[in-house]
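Colleague: Output the structure for:
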Amino acid sequence: MFCLTPLCVDVFLACGFQVNGLKGFVLTRCRYHLFFLIVALPKQHRLRHKKEFTAVYRYGDRSHSSHLGVRGLRLERGELAVQLPTRIGISISQKVSKRAVLRNRIKRQIGAALHQLLPRLSDGWWIVITVQPSAVECEYGQFLRELEDTLAKLEVIQ
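Modeller: Numbering: from 1, shown residues only. Here you go, the predicted model:
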């Protein structure tokens, strides 16, 4: 899945028309939205089902920072757990912001930070990241530092 970031651009278009057999065109100014591609977490690294989130909340270990809460559940130690990739879910409630635009922006920033940390994560973990209301004023760099610290406390980062 890809996230798209918009950029507004004014473009002049020539629009052709035909009325009662007469042909012509009109030069119009339109505002177009161009989108830049931002890569999200790969599907194999996403928690998707409610029972997975519930298991992490019920049995997982906790670590908190000022803006994020992280819960991690280590899968059974064995040959299978080592081969399974770490799967991550992001939970952000309406208590953080009533505006979906802000909540989605925070999710994209956290996803981008996780994408950068992905090669360093140990295999065989299910992780749920919960966002605190104070995260509204955070930037990408702060999310990256806090994620790195909290994941290190849980010993998820190699």
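
Colleague: drop to CA atoms for contacts and neighbour counts, all remaining ones
Modeller: OK.

Colleague: Quick check, pLDDT for Gly141.
Modeller: pLDDT for Gly141: 93.

Colleague: Phi first, then psi, for it.
Modeller: phi -60, psi -40 (degrees, to the nearest 10).

Colleague: Which parts of this protein are strands?
Modeller: With strands called from DSSP state E, the chain shows them at 2-19, 22-39, 61-64, 68-74, 87-91, 125-131.

Colleague: got a list of contacts for the shortest one?
Modeller: Identification of contacts with strand 61-64 by CA atoms under 8 Å, 6 or more residues apart in numbering yields Gly69, Val70, Arg71, Gly72, Leu73, Thr150, Leu151, Lys153, Leu154.

Colleague: Separate out the buried members of those residues.
Modeller: Gly69, Val70, Arg71, Gly72, Leu73, Thr150, Leu151, Leu154 (16 or more other CA atoms under 10 Å).

Colleague: with those in mind, which one is nearest to Gln132?
Modeller: Gly69 (7.3 Å; CA to CA).

Colleague: Which member of the contacts of strand 61-64 is positioned nearest Trp125?
Modeller: Leu73 (5.7 Å).

Colleague: any idea how far the closest one is from Gln142?
Modeller: Going from Leu73 to Gln142 by CA to CA, to the nearest Å gives 24 Å.

Colleague: Repeat that for Ser122.
Modeller: With CA to CA as the criterion, Ser122 and Gln142 are 22 Å apart.

Colleague: for this protein, what's the longest helix?
Modeller: helix 100-117 (DSSP state H).

Colleague: I am finished for the moment; much appreciated.
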